[in-house]
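> Would you be able to build a 3D model of this:
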Amino acid sequence: MRISLTTSPKDIDYYFSQRKLDGLVIMPFGLGGATEEVYDRINYWIKEGKTVVLRTQCLSGITDPTEYSVGWPAIKGGAISAVDMTVEAAYSKLMWVLSRREYQTEEQIKEQMHHNFVGEIDPRKVSFYLQNEKSRIEKAKTS
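Down below sits the predicted model:
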């Protein structure tokens, strides 16, 4: 699902409540930008047990919602960055991970989404992203 400035939280509700999806790849703009209302709705659905993967609309680069203050709540709430995966890889991988019974917890799903199985994600970029995410979270705690 592509995000724009006109995206409504009801658009996200449609996929989870009407289509009854367990997970969704959402494509915010830039590194991970979206409106506060959209991120609030993403967090609502994550608390309801849904999985949300964020993948930038940019053709290259990484998805880093922690770059913007509005993206922080989504990452803290459990949204998963697709880092540098293509949107096709993120969709396919999410479907595969959610179909596996052994990956049921939020942490297990995140770990598998960030695991490189066949070259779909760059382990160096994942490591860089996770270190960056961790340091920003630690910095935010002390601020």
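
> Could you count how many residues lie near the closest residue to Ala82 other than its chain neighbours?
The shortest distance from Ala82 to any non-neighbouring residue, by CB to CB, 6 or more residues apart in numbering, is to Arg55 (3.8 Å). Where C-beta positions appear, they are placed from N, C-alpha and C, glycine not excepted. Using other CB atoms under 10 Å, Arg55 has 26 neighbouring residues.

> got a list of what Arg55 touches?
With contacts taken as CB atoms under 8 Å, 6 or more residues apart in numbering, Arg55 has the following neighbours: 25-27, 63, 82, 85, 87, 90.

> Then Ile121?
Under the contact definition (CB under 8 Å, 6+ apart), the residues listed for Ile121 are 82-85, 89, 114-115.

> So what's the predicted local confidence for Leu24?
If you check Leu24, the pLDDT there is 95.

> in the sheet, who's paired with it?
According to DSSP bridges, Val52 are recorded as the beta-bridge partners of Leu24.

> burial count for it?
By the criterion of other CB under 10 Å, Leu24 has 19 neighbours.

> That one touches Ile3, doesn't it?
No. Counting by CB atoms under 8 Å, no contact exists between Leu24 and Ile3, whose distance comes to 11.3 Å.

> show me where pLDDT drops low in the protein?
Along the chain, the model assigns pLDDT under 70 to residues 140-143.

> please redo it, this time with the cut-off set to 80
Counting by pLDDT under 80, the chain contains low-confidence residues at 5, 30-33, 61, 65-73, 103, 136-143.

> For the top helix by length along it, name the packing helices and strands.
The helix of greatest length in the chain, counted in residues with DSSP state H as the criterion, is given as helix 123-142. Contact analysis of helix 123-142 by 3 or more CB pairs under 8 Å, 6 or more residues apart in numbering; DSSP states H and E lists helix 72-77 as its packing neighbours.

> distance of the residue nearest to Ala82 from Gln18?
Look at Arg55 and Gln18: by CB to CB, to the nearest Å, they are 22 Å apart.

> before we move on, what about Pro123?
In this structure, Pro123 and Gln18 are 37 Å apart, going by CB to CB.

> Count the neighbours of the residue nearest to Arg41 when sequence neighbours are not counted for me.
Distance criterion CB to CB, 6+ apart; nearest residue to Arg41, sequence neighbours excluded, is Pro9 at 3.5 Å. Other residues within reach of Pro9, judged by other CB under 10 Å, total 16.
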